[in-house]
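# pasted the sequence and its predicted model underneath.
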Amino acid sequence: MSKSMICSCEDVTADDVRHAVSRGYCDVESVKRYTGFGTGICQGKSCLSAVAALLEQEKALKADAVVPFTPRPPLYPTELRLLASAPVDESQPPVGGVPQEVDVFPKGLRPTEPLPAKAKVVIIGGGVMGLALAYNLAREGETDVVVLERGYLCAGASGRNGGGVRMQWGTPALVELAKRSIDLMKGFAREMGINVWLRQGGYLFLARTDAVAKRLERNVALHNRFDVPTRLVTPDAARDIVPGLTMKGCVAASFNPEDGVIFPWPFLWGYAQGCRKKGVRVETYTEVTGFDVSGGQIRKVKTDRGDIACDTVVLASGAWSPEVAKLVGVQLPNEPHRHEILSTEPLKPFLGPLVSVLDSGLYFSQSMRGEIVGGMGDPKEPAGLNMGSTLRFVSRFAQALMEQLPHVGHVKVLRQWAGCYDVTPDNNPILGRTPGLDNLLQMSGFVGHGFMMAPAVAERMAKWMRTGESDELFTRFNLRRFSEGALEREDMIIG
Ligand SMILES: Cc1cc2nc3c(=O)[nH]c(=O)nc-3n(C[C@H](O)[C@H](O)[C@H](O)COP(=O)(O)OP(=O)(O)OC[C@H]3O[C@@H](n4cnc5c(N)ncnc54)[C@H](O)[C@@H]3O)c2cc1C
């Protein structure tokens, strides 16, 4: 084995890359997944071009396909305390921000095989929802399934989220679903053969007002009914859980040690790999552009690579769901809302739980790689499919973080990015059949918590689709509820 090192942060050699090529991983994106190059401290700065050159030399791909989604390394890694000093004008809404290049997906990466002319189930959206559903359908024996994704896997919210998984919800349905999801996540690495770095360090929710403290108190009783061991803690006890927290302005907290964090990318890749192994087609760089409808049913899904005739269509396009639904004349109440997020240079493990100040929407955790990963909602953010990054966000976030955890002021921010929450009027998903369009199934509206709900929701949905057995989840969260006004609002939303 040659020791010609390509990525020293992740200990990846030239032979590791050649081995990936021999296994059929023939573009920068999939070689990165397979070997882990470029995911370390340098974020690809010192190895990306070497891998690209090696792939060209190996004739593994055409030159125009060497377009990865690898994040750019920061020009000036900047300390949080410096970012906290940037002025923020709270009277102004956020500006557009530095745009991301998600609309220029390279055609060179498009699959070259033709799409199948027909499939039983077509799933629109290769985010965590679409892929988890496809995988669960295949487990139930239905493999005549095609997942259509207009970009790369991880292009949507599923590749942009904070990886938080928690059972601390305010309504029974979500507590139950999250509990089941976390159970499934525990077996994911073994089942899928991919490490998702699940760490159950808990979630510590901080309340600054009596009203929020009361909400936490109500939740504890609800959680305990489901055997979720959440407990209320005083500010002093919260400081025992996370030494260094100031608890400034906080009156109470709640803690569930079984909540945690997971690394989103391998979670998605694991589902995609699992789908493909079972014979499901996952077609990236393939955009749905329209539908053929007759007799109250969708007959064909049209894409920029051709049409697919189908029996059932599942709309799992996250924040893009309203615009895809509009192509078939269905109006959804979802609204996309940008949420920004960042990660810092890695530190030794010091932070057990994910901490969130409910009143301000601040949250931060430490990843298994040691980075502080955190975000903060912005009440002034207008609705829209905007995934640009702003100085306003890093500054607001850094100020709020310094207030709670001043000793991390010297830590440098390495990256920031944004994604869209897919927000419904009651903060609950839209699931089940579409009134008037019998074979269109809804699977969207997961706000800021779809990642942690996906394993359980997909498991239930696959069973419901395969067996036809009734399941109240798909009645409770049906699209019809918005016109009938039967809404049960979920309030435990971060951001
Ligand atoms: C900053 C941020 C932090 C978050 N933090 C958390 C968290 O800590 N925990 C948690 O559980 N959740 C979190 N979430 C929410 C979570 O990421 C989402 O709820 C979840 O990923 C939604 O998955 P999805 O599959 O529905 O949508 P997506 O992952 O957005 O997937 C939809 C896909 O559809 C594709 N698509 C769109 N239009 C078309 C078309 N016409 N044809 C084909 N494909 C199309 C898109 O490219 C996209 O990949 C966060 C979200 C954000 C933005």
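On my side now, so go ahead. Numbering: from 1, shown residues only.
# what ranges does the stretch 151-300 of the chain have for its strands?
Per DSSP state E, counting those that start in this stretch, the stretch 151-300 of the chain carries strands over the ranges 164-165, 203-207, 231-233, 252-256, 260-261, 281-283, 288-294, 297-303.
# now those as CSV including mean neighbour count and distance to the ligand?
All C-beta atoms are positioned from the backbone trio N, CA, C, and that covers glycine. Shown next, in CSV, are the strands of the stretch 151-300 of the chain (neighbours: other CB atoms under 10 Å; distance: least, CB to the nearest ligand atom, whole Å):
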stretch, mean neighbour count, distance to the ligand
strand 164-165, 24, 3
strand 203-207, 27, 10
strand 231-233, 16, 21
strand 252-256, 24, 15
strand 260-261, 26, 8
strand 281-283, 21, 9
strand 288-294, 15, 4
strand 297-303, 19, 7
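# now distance to residue 176 too, for those, in JSON lines please.
Below are these laid out as JSON lines (distance: least, CB to CB, whole Å):
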{"stretch": "strand 164-165", "distance to residue 176": "14"}
{"stretch": "strand 203-207", "distance to residue 176": "17"}
{"stretch": "strand 231-233", "distance to residue 176": "19"}
{"stretch": "strand 252-256", "distance to residue 176": "14"}
{"stretch": "strand 260-261", "distance to residue 176": "18"}
{"stretch": "strand 281-283", "distance to residue 176": "29"}
{"stretch": "strand 288-294", "distance to residue 176": "32"}
{"stretch": "strand 297-303", "distance to residue 176": "31"}
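# could you dump those into JSON lines with mean pLDDT added?
Below are the strands of the stretch 151-300 of the chain laid out as JSON lines (pLDDT from 0 to 100):
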{"stretch": "strand 164-165", "mean pLDDT": "98"}
{"stretch": "strand 203-207", "mean pLDDT": "98"}
{"stretch": "strand 231-233", "mean pLDDT": "98"}
{"stretch": "strand 252-256", "mean pLDDT": "98"}
{"stretch": "strand 260-261", "mean pLDDT": "96"}
{"stretch": "strand 281-283", "mean pLDDT": "96"}
{"stretch": "strand 288-294", "mean pLDDT": "98"}
{"stretch": "strand 297-303", "mean pLDDT": "98"}
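# quick one: which of the ones you listed is nearest residue 44?
Of all those, it is strand 260-261 that lies closest to residue 44, at 22.7 Å by CB to CB.
# other residues contacting that closest one?
Contact with strand 260-261 is made by 162-166, 182, 198-203, 354, 365, 367-368, 373, as judged by CB atoms under 8 Å, 6 or more residues apart in numbering.
# redo that, cut-off 6 Å
163, 164, 165, 199, 200, 201, 354, 365 (CB atoms under 6 Å, 6 or more residues apart in numbering).
# report the separation between the fourth one and the ligand.
Just to be clear, that refers to residue 199. 13 Å (CB to the nearest ligand atom, to the nearest Å).
# number of nearby residues for that residue?
20 (other CB atoms under 10 Å).
# report the contact partners of it.
Residue 199 touches 260, 261, 368, counting by CB under 6 Å, 6+ apart.
# then the fifth one?
Residue 200 makes contact with 258, 260, according to CB under 6 Å, 6+ apart.
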